[in-house]
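> here is my input; please provide its structure:
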Amino acid sequence: MTLDALKRRMEDTLPPKRFSHVLAVVETAVELADIYGADKALLSVASLLHDCTKPFTAEEHIAYAEKHSLKLSSDDLASPEVLHARTGAVMSRDELGQGDSVFSLIYCHCTAKPDMTLEEKLLFLSDFIEATRTHKICQDTRRDFFSSLKDHTDKMRLLDQTVLRVLESTVEHLKKKGSYIHSDTLRAIEFLKSED
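Residues are numbered from 1 along each chain as shown. Alright, predicted model coming up:
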C-alpha cells in the first residue's frame with residue numbers, strides 16, 4: 001500500500017482525535033529524521049501506523065494476538081495500555097504489508113527496549129512530544145529538546161538523554177497511578193544509563 005492509501009486507511013479506522021495525534025507524530029518524526037539523518041520513509045510509515053489498533057479493547061487485542069500467533073508476555077498482559085503496540089505491529093505486517101523494520105518500530109513505541117535503533121528512538125520520542133500533546137511533561141520535554149538541539153554539540157547524546165527522561169517520567173507516572181511497569185521499560189532505562 002502507498003503512504004496515501006495507508007493514510008486513508010488510518011483516517012477511516014481511527015477516531016478523529018486519534019488520527020490528529022497520528023498526523024502530529026508523523027510530522028514530528030519526519031522533522032527529527034531530517035535533523036538526525038534517519039530513514040524518513042520508514043519513520044513516515046511507522047508513525048502513520050503506530051496506533052492502528054489503538055481503538056481495540058483489551059479483549060480484542062488478546063483475541064487478535066491469538067489469531068495471528070503473537071505470544072503476549074505476562075508483562076504485556078499486565079500492561080493493557082501497551083497492547084496496541086504489539087497488535088499494531090502485527091497488523092502492520094500481516095494486514096498492511098509492512099516489513100520487519102516497521103514491525104519493530106511499532107512494537108516498542110510504548111515501552112521502548114534496550115539498544116534501540118535511531119528510528120525506534122525517534123518514533124518513541126515523537127509519540128511523546130508531538131505538538132498536540134497537552135500534558136505538561138510532554139510540552140516541557142518538547143520545548144527543552146528542541147531548544148537544546150540548537151546549541152548541543154552531541155545530538156545523539158541529547159536524544160538518549162531525552163528518551164531516558166521520558167522513560168523515567170513514565171515510570172514515575174505509572175507508580176503514582178499504581179499501574180504495572182513493563183520490564184522492557186525498566187531494561188531500556190538501565191541500558192541508557194549504562195551507555196551514559
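> burial of R187, as a residue count?
Using other C-beta atoms under 10 Å, R187 has 15 neighbouring residues. From N, CA and C alone the C-beta is placed, and that goes for glycine too.
> give me the number of residues near Y36?
Considering only other C-beta under 10 Å, Y36 is surrounded by 18 other residues.
> cool, and P114?
Neighbours around P114, by other C-beta under 10 Å: 15.
> which of the three states applies to it?
coil (DSSP: H, G, I helix; E, B strand; the rest coil).
> OK, contacts around M10?
Contacts for M10 (C-beta atoms under 8 Å, 6 or more residues apart in numbering) come out as 19, 22, 48-49, 52.
> buried sites along the helix ranked longest in the chain?
Longest among the helix segments of the chain by residue count, using DSSP state H, is helix 155-177. In terms of neighbour count (16 or more other C-beta atoms under 10 Å), helix 155-177 has its buried residues at 158-167, 169-171, 174.
> what of stretch 85-99?
85-93, 96, 98.
> again, but for stretch 121-131
Those would be 121-130, for stretch 121-131 by 16+ other C-beta under 10 Å.
> next, format those as CSV and append distance to R142 and pLDDT.
Formatted as CSV, the buried residues of stretch 121-131 follow (distance: C-beta to C-beta, whole Å; pLDDT from 0 to 100):
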residue, distance to R142, pLDDT
K121, 15, 98
L122, 14, 98
L123, 15, 98
F124, 14, 98
L125, 9, 98
S126, 10, 98
D127, 12, 97
F128, 8, 97
I129, 4, 97
E130, 8, 97
